[in-house]
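Participant: Need a 3D model of the following:
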Amino acid sequence: MSLSNNMCGILATISKNAADLDQEKFKVALSKTKHRGPDGSEIGKAGEQGLFGFNWLSIQDLRTEAMQPFDYEGNKLTFNGEIYNFIELKADLEKKGYVFKTKSDTEVLAAGLTAEGVDFIKKINGIYGFVFYDAKSKHYLAVRDKFGVKPLFYFYEKGRVILSSEIKSILQYVPAILDKGILFTQLYMDWFVGNQKDKTYFKDIKSVEPGFYYIFDENGSMLKKEQYYVPDFKTEITKPVPEIEKEFKGLIEKAFEIECRSDVPIGMILSGGIDSSTILTMASPYLLKKQKKIPTFTYYFKDRGDDSDLQYTRKLINELEKRNGDVYERHEINLDPTITYEDYLQAAKAHETPVVDMRFIARLKNYKAVKDAGLKVCLNGQGSDEVFYGYYPLDYWLSIFYREGTFDKTNIVTYFAKLNELKLSGVTDGFRFASISETEKYLDKTFKEIGPQENQQKLLTAFLRQNMLPALIGAEDRFGMNYGIEVRVPAINPLLVEYGDKIDYKIHLLSTTSGRHLFRKAISDILPEEIVMRTKNPGPKKKKYQHELINIIKEHYDGILKSPLVTFVYKSEFIKNIVENVDSLNDQAFYGGVNDVLSEIIGLYAFEEVFSISV
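Facilitator: Residues are numbered from 1 along each chain as shown. Sure thing, here's the model as predicted:
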């Protein structure tokens with residue numbers, strides 16, 4: 001079953017400016033996506049004013065007729081991602097008389113867009129960011145998947161459009177200027193504003209929003225921006241709970257059947273939590289149809305936290321081996337080794353963000369192990385928390401976002417101020433004022449745009465899906481692709497999400513106040529309750545890394561104290577004080593604690609070095 005080798009880095013320019021269409025300059029810009037497609041590169045014209053580029057990752061069909069930019073009846077496509085249901089879509093198109101020359105999902109996408117235009121997008125189940133040139137209308141279509149797994153960034157001014165899967169490519173055409181407003185709210189609210197709709201940390205460089213398509217003409221003018229996927233939280237499925245549980249389990253099986261289609265072995269990032277446990281359990285039968293072993297990758301912190309994740313993954317695999325045999329190839333990665341400044345540089349470069357912490361570094365090391373094992377595709381459990389009420393008990397999260405049943409901006413601002421007490425004592429006065437002011441404006445705008453839902457819990461979930469979900473799953477794509485690893489996140493397959501939205505949210509909380517009842521129920525007859533009901537370990541004890549972070553800061557001390565970006569955020573005297581008195585400070589067990597502040601300082605400095613950012 002062959003797909004095209006479309007896991008890649010893409011670049012497209014649509015411009016009346018001849019310099020933007022210069023192929024040598026274009027090659028340099030395209031090379032910035034090389035880690036996404038290290039196995040080959042192609043460039044081709046798309047209309048009179050367009051140039052498409054493609055770096056491919058050879059994980060599947062390598063035949064030259066499946067390469068990109070793909071030509072279909074004079075139309076051109078440069079495509080990063082996967083269409084999981086391409087076989088079904090292909091069969092429908094063949095019934096209409098379309099004849100295919102390849103086995104690739106790339107050709108199916110090109111044919112479908114040629115046949116049906118933007119209406120075809122609504123039929124797609126997959127992860128993708130692509131640009132399509134329609135030779136008849138001379139229009140360019142830019143599209144991103146429903147949840148924002150795959151990135152697609154763009155720079156736009158009238159007469160000039162540059163689109164890419166990497167900001168680094170666009171920076172070859174435009175200057176790297178920091179968007180301060182994003183930094184204000186991001187450092188104040190952390191992951192809760194990880195997406196910010198179409199904004200990035202770089203002024204004038206935006207992100208195509210998840211579930212949107214944009215249309216540009218041959219003169220580089222934006223003609224249309226439209227949302228093709230709108231989450232609908234209206235309860236429509238009112239069947240008895242046992243029937244819903246059975247139907248949902250069937251959808252899980254279908255999701256894994258289509259996401260396990262591949263010509264190369266697929267591995268699994270395994271934490272021992274309910275998401276990855278469900279994925280490995282349900283995907284195993286489909287994976288074993290085409291591969292003899294299933295590589296699993298678990299990272300742990302034995303000396304700096306605990307190894308409970310490792311112990312649970314061992315229990316999980318032992319249980320699955322009783323059903324499937326000795327087919328699990330275990331990779332257990334100890335992340336206790338020293339964290340270095342090079343790790344921060346790599347994290348800043350991979351994620352294209354100044355907000356770098358040890359979670360990023362841990363993920364990068366995990367995907368490095370996947371690469372070293374010779375794999376190019378792996379499954380990851382990220383995303384279901386934000387969609388299926390995974391760690392949002394009503395009493396806790398509603399108390400943060402609401403007071404007496406009504407959204408309360410002041411309550412949220414106060415909550416994050418308390419979380420970030422140490423950080424906010426160290427930032428510059430202007431930064432502190434602007435952070436609170438920008439956060440208030442951001443909250444007002446965001447909740448107004450989300451609009452009223454049936455109840456407050458669904459409103460909160462809408463907020464998390466729009467803002468936090470794309471940041472988390474997009475990070476997995478960037479960290480995986482840093483090593484040429486294609487990451488799939490089947491827990492948020494549209495088959496599951498769109499069904500889950502139509503049932504009463506309370507069903508997601510039946511088995512536990514930490515949610516995802518339907519996932520737990522799907523594997524409750526396979527795995528013991530100890531695993532099914534497990535509460536996942538929060539991670540390493542951050543205080544254990546304190547002296548390593550201090551040593552990194554001391555190593556780059558002069559540069560940090562002179563850094564325009566670091567000193568824009570933090571007072572120099574605060575940095576000096578925290579370095580000299582770190583042992584006497586009481587760390588906090590949440591964001592804003594000593595180690596988070598130290599990590600943030602290093603991350604800002606590394607980001608400035610990587611991107612030569614102008615503040």
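
Participant: Which residue comes closest to the most centrally placed residue in the chain once chain neighbours are left out?
Facilitator: Geometric centre of the chain, nearest residue: Gly474, 1.3 Å, by Cα atoms, centre = their mean. Setting aside the residues directly before and after it, Gly474 is nearest to Gly148 in space (Cβ to Cβ, 6 or more residues apart in numbering), at 5.6 Å. C-beta: built from backbone N, CA, C; applies to glycine.

Participant: For that neighbour, which residues are in contact?
Facilitator: Asn195, Glu209, Pro210, Gly211, Leu469, Pro470, Ile473, Gly474 (Cβ atoms under 8 Å, 6 or more residues apart in numbering).

Participant: nearest to Leu280, of these?
Facilitator: Ile473 (18.1 Å; Cβ to Cβ).

Participant: what number of residues lie near that closest one?
Facilitator: Using other Cβ atoms under 10 Å, Ile473 has 24 neighbouring residues.

Participant: and if you look at Val118?
Facilitator: As a burial measure, Val118 scores 15 neighbours (other Cβ under 10 Å).

Participant: what do you get for Ile83?
Facilitator: For Ile83, the neighbour count with other Cβ under 10 Å is 28.

Participant: which residues does it form a beta bridge with?
Facilitator: Here Ile83 sits in beta bridges with Gly126, going by DSSP bridges.

Participant: related to what we said a few turns ago, just confirm the residue nearest to the centre of the chain contacts Pro151, I think it does.
Facilitator: Yes - using Cβ atoms under 8 Å, Gly474 is in contact with Pro151, at 6.0 Å.

Participant: how about the strands of the stretch 451-600 of the chain, start to end?
Facilitator: Under the criterion DSSP state E, counting those that start in this stretch, the stretch 451-600 of the chain carries strands at the ranges 486-488.

Participant: pLDDT weak spots in it?
Facilitator: Within the stretch 451-600 of the chain, the stretches with pLDDT under 70 are 452-454, 536-543, 586-592.

Participant: Sketch out the helices for it, chain order is fine.
Facilitator: 456-481, 494-500, 517-523, 529-532, 546-555, 557-562, 564-569, 572-580, 594-611 (DSSP state H, counting those that start in this stretch).

Participant: Same question for the stretch 51-200 of the chain.
Facilitator: Under DSSP H, counting those that start in this stretch, the stretch 51-200 of the chain gives helices at 86-95, 105-116, 167-170, 180-189.

Participant: What helices and strands are in contact with the shortest one?
Facilitator: Where contact means 3 or more Cβ pairs under 8 Å, 6 or more residues apart in numbering; DSSP states H and E, helix 167-170 is packed against helix 23-31, strand 153-157, strand 160-164.

Participant: Among those, show me which one is buried the most.
Facilitator: Among these, ranked by average contacts under mean count of other Cβ atoms under 10 Å, first place goes to strand 160-164 (a mean of 26).

Participant: Who are the packing partners of that one?
Facilitator: So strand 160-164, by 3+ Cβ pairs under 8 Å, 6+ apart, packs with strand 7-15, strand 153-157, helix 167-170.

Participant: Indicate which one of these is closest to His351.
Facilitator: Of all the helices and strands packed on strand 160-164, helix 167-170 comes closest under Cβ to Cβ, at 10.2 Å.

Participant: Tell me the buried residues in stretch 430-445?
Facilitator: Phe431, Arg432, Ala434, Ser435, Ile436, Glu438, Thr439, Tyr442, Leu443 (16 or more other Cβ atoms under 10 Å).

Participant: Then stretch 324-339?
Facilitator: In stretch 324-339, counting by 16+ other Cβ under 10 Å, buried: Asn324, Tyr328, His331, Glu332, Ile333, Leu335, Ile339.

Participant: next one: stretch 107-125
Facilitator: Glu107, Val108, Leu109, Ala110, Ala111, Gly112, Leu113, Thr114, Phe120, Ile121, Ile124, Asn125.
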